[in-house]
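Engineer: From the sequence below, what's the structure:
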Amino acid sequence: MKKLAVGLTIVGLVAIAAFYQNASASDRNAKQIARGEYLVKGLAGCGDCHTPMNEKGEPVMDEWLHGTKLFFGPLVPIPNWASSSVNIAGLPGWDEKKAVELLMTGLSPNGQPPRPPMPRYRMNKEDAEAVVAYLKSLPAPKQ
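Structural biologist: Residues are numbered from 1 along each chain as shown. Below is the predicted model:
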């Protein structure tokens, strides 16, 4: 009977430890996504180019980061200037590791910088991973 009680106690402790480990991993992921949201919305300003604007110049939140035709252009010709931005909500077609590398190095997987006006970010790994976690957490646009 003692062995059964000890066995059940051990099983219970293992279950509790697993619960807290999963809860802390979930908490870490939520914190990482929140940091990514802060970076995307505040510092990087991704919505300025990747979200359509309404007639008042406000972002259309139902289309947050879904890509759009850019409403501005260069004053002088700039080679390879992009006239529209791509959808980054959900990061469809992107490998997470390659997206992190883009944000850390400023270079696309093909070794070229993104087309202007996309900035060549030089984020640290933690920030780049947070941005990617946030973007991956967003629902991709409905086709």
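Engineer: Can you pull the poorly scored residue ranges out of this protein?
Structural biologist: In the predicted model of the chain, residues 1-23, 143 satisfy pLDDT under 70.
Engineer: switch to 80 and redo it
Structural biologist: Along the chain, the parts satisfying pLDDT under 80 run over 1-25, 143.
Engineer: can you give me the helices in it?
Structural biologist: 2-38, 47-50, 96-105, 125-137 (DSSP state H).
Engineer: can I get the CA coordinates of the second one in CSV?
Structural biologist: Pointing back at helix 47-50 there. Output of helix 47-50 as CSV, limited to C-alpha atoms (Å, rounded to 0.1, in the frame of the first residue of the first chain):
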residue,chain,number,x,y,z
GLY,A,47,1.7,48.9,-40.6
ASP,A,48,2.7,52.1,-42.3
CYS,A,49,3.5,50.2,-45.5
HIS,A,50,2.0,46.8,-45.1
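Engineer: what's that helix in contact with?
Structural biologist: Residues outside helix 47-50 that contact it (C-beta atoms under 8 Å, 6 or more residues apart in numbering): 40-41, 59, 64-68, 70, 85-88, 117-118. C-betas here are computed from N, CA, C, even on glycine.
Engineer: Closest one to Lys98 out of those, please.
Structural biologist: Ranked by distance to Lys98 (C-beta to C-beta), the contacts of helix 47-50 are led by Ile88 at 13.3 Å.
Engineer: How much space separates the closest residue to Ile78 other than its chain neighbours from Tyr134?
Structural biologist: Leaving out its chain neighbours, the residue that sits closest to Ile78 by C-beta to C-beta, 6 or more residues apart in numbering is Pro116, at 5.4 Å. The gap separating Pro116 from Tyr134 is 24 Å, by C-beta to C-beta, to the nearest Å.
Engineer: again, but for Ala89
Structural biologist: Relative to Tyr134, and taking C-beta to C-beta, Ala89 is found at 10 Å.
Engineer: What of Pro92?
Structural biologist: Counting by C-beta to C-beta, the separation of Pro92 from Tyr134 is 15 Å.
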